[in-house]
Each structure stands twice: as C-alpha cells, then as structure tokens.
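Enquirer: Whatever this is, show me its structure:
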Amino acid sequence: MEETKPLTKMSLLKSLLSPSTLPHLLLLAVLSVAFFVLARVDAETWAAYGFIGFSIAYVCLAPVSKHERFGRILRYRKDTDSDSTDASGHRLRILILPVVTGTILMAVIYFLFGENGIFSQIGSFLPASLGGLFVLWAFAQGRFFGLATMRAITVPVGGQSSTNGYSPVPSLVMTSTLVVVLTFAVTEGIRFFIGGSSFTVWPYLFSFAVYGLCIYVTWGQRRRASMHSATHTVARKWFWATQLFITWHVLSIYRSIDNTFSEPVMFIEELFLMIVTVFLAIWALTSKGEGSKSTLFTEENALFWGVAFGYAYAGSVAMITSVMNDVKYVLIGGHILVVATVMWSQRTMLESKIERVNSDRGIAESVEHVEINNASNEVKLQADGIQTDESDSVSEEPVADEQSIGDPVDWNQQDESLGDSTTWDDEIELLD
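Expert: The predicted structure follows:
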C-alpha cells in the first residue's frame, strides 16, 4: 500500500488549483453569483437553500472523493485521443454528481423548512442564520492566520539567554516601518485609483493607535520572549506578520467610516479575504502542522472541502447584503472582530509558543548534562586505575613466560621430596 504524502501549504495550493478539478471552482463562482442575484431580488430563502444545499453536497462528497470509483467521477482525466470539444464535455461531466446532489438537497431543505414543511417556523430563520456565519468566518480568519504564520516560523537552534532580556527597540522600529509602508501603499494607492480625495494624516494615526494598543496588550509576552534569543527571534518575526494583517483590517475600517469605501473595492477585498480564509481554514483542518497527516482531510479531497467552505462563506456574505439595509456596518463589525481575534492570539499563542520552546530547550539541556556526567565519570574511573571495557580490550597482550592455568601436566613425573638432597649422619646422639 502506497503511503500518503504529508500535506503542506504548497501541496494544498497545487491541489486546489489542479486542472483536473478546476470546473468545481468555476461552478462555485457561477452558482454564487446566481444565488446572490436571487438574494437581491427578494428571494433570500431560495438563495439560502441553494448555498446550504451545495455546501452540504460537497461536504458529503469530500470524504468519498478519495476512493477510486468516485475519484473518476469527480476528477477530469485528459484523453490524448479526444479533441478539444470532447475534452470540454468530459470536463463538465465531473459536475453532474455535485449538481444532482446539491439540487436534491435543495429540494429536501425546501420540503423540510419551506412554507408547508415540517419545520417551516425554523425555515424562516435560515437566511439570518446563514448570514450569522459571517461572524464565525471573521473569527476563523483571524485565528487561522495566526496559526499559519506561527507555524511557518522556524525556531532557531541553540541560542543564548539574557538576564535583562534583549532590547525590543530594533523590533519595534522595524514593525513601525512596516506599518507606515503598508498604510502608505494601501491609502495612497486607493486614493490614486479612485481620485477625488486629498492627502490626510488620519489613516496613519488610526493604524498607529491600534499598533500602540497591541504593544500595550502584549508587552508582558514580549518581555518574556526577549529572555532568550530563540523565542525573541520567533516573537519578532511573528509580530511583523500579525501586525501587518491587523493594519490591513484597520485601514478597511477607516475607509468604511470615512465613506471612501466603494462597492467594487469592497467586493474585491471580500473576495480576496474569502480565498485567504478558505485556504487557511482547510490547511488548519487538514494538518495541525507542516508534515503532519490526517485521515479525513487529505490532499486528494482538499479541493472539495474548500468548495464546501466557499459556498458557506459566499452564502453568509450574500445573506448579509440582502437582509441588512447597509452592509457597510456589518463589514466594519467583521473587520473589528478579526482585529480583536488577532490581538487576542498575539497574547495566547505567543505564550504557548514560549512555553513549548522553553520546555524543549530544558529537555535538550538535561540530555546534554547527562552526557557530560557520563564522560566525566569515565575519565575519573581511568584516573583511579579502573580501566573501561574499551581500554581493557586494547591493553591485553599475551605474556610468554607466564604459565597459564590450562598448560598440560605430566602426571607420571615423580615429585621431588623435601629431604632428597640432604645427607644424614649414620650415628644419632640422644640427649637426656
């Protein structure tokens, strides 16, 4: 049996963009637009049925897509003998099963939650419930981003401890520079393309105010991480990534408040955030770390899990834009929740990372201490005249003149008595 390769970010990205499953992504885009139009023409209930039905359909197809029989139905395999027309038809054939499954589920949801359904009272809340998932996606976006960036940073091997801690000034200066550059690029770039607005210092003040709040909230963790060079390096790089992500969302909030938030920019930004969120969510569920394995979420079915999450995310955005009169405030709330989630992750995730690194370093130091003690004991034994097994095997040499215990003995030889070489007088004088 061939061993399944561990899933990494690059292999996951290749799986999501594979040409053999590309029609599923195109179907996601087409149906999302169609259901969004339904929601805008006061058919929110049917749009909710569609988003939920197709999301559940891909949730059901994702686990079985790993099997060979379903894999042939859900994936396109290029045939060299077929022309381009036949190839297009073969590509569309892989959509038959998900379209049929999604349509059946839509009908089941209608009969259960429709006007005449068993759960008709619950069905009236489906659009609002689907829209409420936007809050869940905002929290998941911040949490998954923190996990992905933390796991992407390699902990330095070795390092040195510092009694007073390493200086935080270089890290703060570098992070401040990155915040200024990002604020300038986003603010001035949008101002250049949309035109009609003058330069203002408020975006910079807004982003630096939140940056200062992040420093205040995480100062204890920063100080603890600075006590060793390894954790100090990890914290410095991770704060760069998370602070840039926070600044991006802060600028989105400012644009919404300042009424410079145009609908095309809004939809492009939300589309990009959906892609990032879906990718990070799949990777976090598929593998708890680089190189780890999962039986339910694998590289083979990652695309189908992603499409299922995509329908749920698009449905939540569509329901919010149709139910709420002004979607701007809902999106502002979503960005605020993302910022708060990442700020909370800066405390909790860095704290757990420091604990884990210190624990691993303590185990390594204990092993080194044991090895040093073994080496010192060996030297002491040799100094006391007690040779080790290795030295005994080297120093043993045969002695030629020494008779060993096993030498042959002549048992017929007459032993020499004590008085054989003594001359005795013939007369013996007796004394009184």
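Enquirer: distance of the residue nearest to residue 258 when sequence neighbours are not counted from residue 183?
Expert: With sequence-adjacent residues excluded and distances taken as Cβ to Cβ, 6 or more residues apart in numbering, residue 258 is closest to residue 202, at 7.5 Å. Placement of C-beta: from N, CA and C, glycine included. Counting by Cβ to Cβ, to the nearest Å, the gap from residue 202 to residue 183 is 11 Å.
Enquirer: higher neighbour count, the two?
Expert: Comparing residue 202 with residue 183 by other Cβ atoms under 10 Å, the one with more neighbours is residue 183, at 22 against 11.
Enquirer: three-state assignment of that one?
Expert: Three-state call for residue 183 (DSSP: H, G, I helix; E, B strand; the rest coil): helix.
Enquirer: Contacts only, for it.
Expert: The contact partners of residue 183, by Cβ atoms under 8 Å, 6 or more residues apart in numbering, come to 203-204, 207, 247, 251.
Enquirer: just residue 241 next, same as before
Expert: Contacts for residue 241 (Cβ under 8 Å, 6+ apart) come out as residue 149.
Enquirer: Now it: which helix or strand?
Expert: Assigning secondary structure by DSSP states H and E places residue 241 in helix 229-257.
Enquirer: For that helix, list every residue counted as buried.
Expert: 230-243, 245-256 (16 or more other Cβ atoms under 10 Å).
Enquirer: chain center to it: distance?
Expert: Centroid separation for helix 229-257 versus its chain: 18 Å, with Cα atoms, centre = their mean, to the nearest Å.
Enquirer: average model confidence for that helix?
Expert: Averaging pLDDT along helix 229-257 yields 90.
Enquirer: same thing with stretch 65-75?
Expert: 83.
Enquirer: buried ones in that stretch?
Expert: Using 16+ other Cβ under 10 Å as the test for burial, stretch 65-75 gives 65-66, 74-75.
Enquirer: Turn those into TSV, columns for secondary structure.
Expert: Formatted as TSV, these follow (three-state DSSP):
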residue	secondary structure
65	coil
66	coil
74	helix
75	coil
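Enquirer: what's the burial count for residue 184?
Expert: 12.
Enquirer: Just give the closest residue to it, not the sequence neighbours.
Expert: With sequence-adjacent residues excluded and distances taken as Cβ to Cβ, 6+ apart, residue 184 is closest to residue 204, at 8.0 Å.
Enquirer: picking that back up, and the contacts of residue 183, which is closest to residue 347?
Expert: residue 247 (18.0 Å; Cβ to Cβ).
Enquirer: Kindly provide the distance from the closest one to residue 137.
Expert: 20 Å.
Enquirer: Run through the residues that contact the residue nearest to residue 331 when sequence neighbours are not counted.
Expert: Using Cβ to Cβ, 6+ apart and skipping residues adjacent in sequence, the residue nearest residue 331 is residue 256, 6.5 Å away. Residue 256 is in contact with 328-329, 331-332, 335, counting by Cβ under 8 Å, 6+ apart.
Enquirer: Could you measure from residue 256 over to residue 329?
Expert: Counting by Cβ to Cβ, the gap from residue 256 to residue 329 is 8 Å.
Enquirer: Quick one: the helices in the stretch 1-150 of the chain, in order.
Expert: 9-16, 22-40, 44-64, 68-74, 84-93, 96-113, 120-123, 126-152 (DSSP state H, counting those that start in this stretch).
Enquirer: Likewise for the stretch 201-350 of the chain?
Expert: 202-217, 219-225, 229-257, 263-286, 302-323, 327-383.
Enquirer: Any regions of the stretch 151-300 of the chain where pLDDT drops low?
Expert: Low-confidence segments of the stretch 151-300 of the chain (pLDDT under 70): 194-197, 259-267, 281, 283-295.
Enquirer: rerun that using 80 as the cut-off
Expert: Counting by pLDDT under 80, the ranges of the stretch 151-300 of the chain that qualify are 151-152, 158-159, 189-199, 258-300.
Enquirer: Would you list the phi and psi of the nearest residue to residue 229 once chain neighbours are set aside?
Expert: Excluding its sequence neighbours, the residue lying closest to residue 229 (Cβ to Cβ, 6+ apart) is residue 159, at 3.8 Å. When read as degrees, to the nearest 10, the backbone of residue 159 gives phi 110, psi 180.
Enquirer: Would you check that the residue nearest to residue 258 makes contact with residue 257?
Expert: No: between residue 202 and residue 257 there is no contact under Cβ atoms under 8 Å: 9.6 Å.
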